[in-house]
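Student: from the sequence below, what's the structure:
(2 chains)
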Amino acid sequence: DVKVTQSSRYLVKRTGEKVFLECVQDMDHENMFWYRQDPGLGLRLIYFSYDVKMKEKGDIPEGYSVSREKKERFSLILESASTNQTSMYLCATSQGALGTEAFFGQGTRLTVV
Amino acid sequence: RKEVEQDPGPFNVPEGATVAFNCTYSNSASQSFFWYRQDCRKEPKLLMSVYSSGNEDGRFTAQLNRASQYISLLIRDSKLSDSATYLCVVNHSNDYKLSFGAGTTVTVRA
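Tutor: Below is the predicted model:
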């Protein structure tokens, strides 16, 4: 079974803090994604990566950055957390190009106070 | 306009009923289509892919209408365990990204 593991289920951070969300997968998948999920808006893509050290902006990259130094690990960084970044963050992986299944981590619920 | 739009519901149906709902997508170049299921406080998981000719998986039937740019999901003989949010997902022809709808909530009652 594909396993996608996010480092935390719940996080509470203060406004202005730098926040790291980690995602690790064990299936040697090429593609990794970070989404945030908010009620009524669904999943929105923040950043994705299709290879080590490669990254591409998604639909809402502002206020975020990412790092992919190793194939199995994809980190999402909030440089200076703000209250509007309170959300559920989901990491996903897939193999190859279009038409393949995405596997998700269990999610990190981040609250910025 | 959102890339993928769904009726949020909720659809409240009794056990054994049939429930169906649609999803529309805006990009005519979309190539791959999926339904994902998300249980409360859980991550999304693939329910089924949607093929041009339509396809069935047990009690679930998915249809694609390219001319009108919508896909549908029909659940027959609903079970309590079918209660979930169903996410419509679309993949374009030239990139790796998946576009998600906001989800349709289905609640099956005893």
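
Student: what helix or strand is residue A:33 on?
Tutor: Element membership of residue A:33 [criterion: DSSP states H and E] is strand A:31-38.

Student: elements contacting that strand?
Tutor: strand A:19-25, strand A:42-49, strand A:64-70, strand A:73-78, strand A:87-94 (3 or more C-beta pairs under 8 Å, 6 or more residues apart in numbering or on different chains; DSSP states H and E). Using the backbone N, CA and C atoms, a C-beta is placed for each residue, glycine as well.

Student: so which of the ones you listed gets nearest residue B:84?
Tutor: strand A:42-49 (14.5 Å; C-beta to C-beta).

Student: show me what from chain B comes close to chain A.
Tutor: B:4, B:8, B:31-32, B:34, B:42-46, B:49, B:87, B:89, B:91-93, B:95-103 (C-beta under 8 Å from any C-beta of the partner chain).

Student: let's go with 7 Å and repeat that
Tutor: Within chain B, the positions near chain A by C-beta under 7 Å from any C-beta of the partner chain are B:31-32, B:43-44, B:46, B:91, B:93, B:96-98, B:100-103.

Student: other residues contacting the worst-scoring helix or strand of chain B on mean pLDDT?
Tutor: None of the helices or strands of chain B scores lower by mean pLDDT, DSSP states H and E than strand B:98-100, at a mean of 88. With contact meaning C-beta atoms under 7 Å, 6 or more residues apart in numbering or on different chains, strand B:98-100 is reached by A:42-43, A:102, B:3-4, B:87, B:89-91.

Student: write the ChimeraX selection for whichever of the residues of chain B next to chain A are buried.
Tutor: Those of the residues of chain B next to chain A that count as buried under 16 or more other C-beta atoms under 10 Å in any protein chain shown are selected in ChimeraX with:
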select /B:32,43,44,46,91,96,97,98,100,101,102,103
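
Student: strands - which of the residues of chain B next to chain A land there?
Tutor: Residues of the residues of chain B next to chain A located in strands (DSSP state E): B:31-32, B:46, B:91, B:98, B:100.
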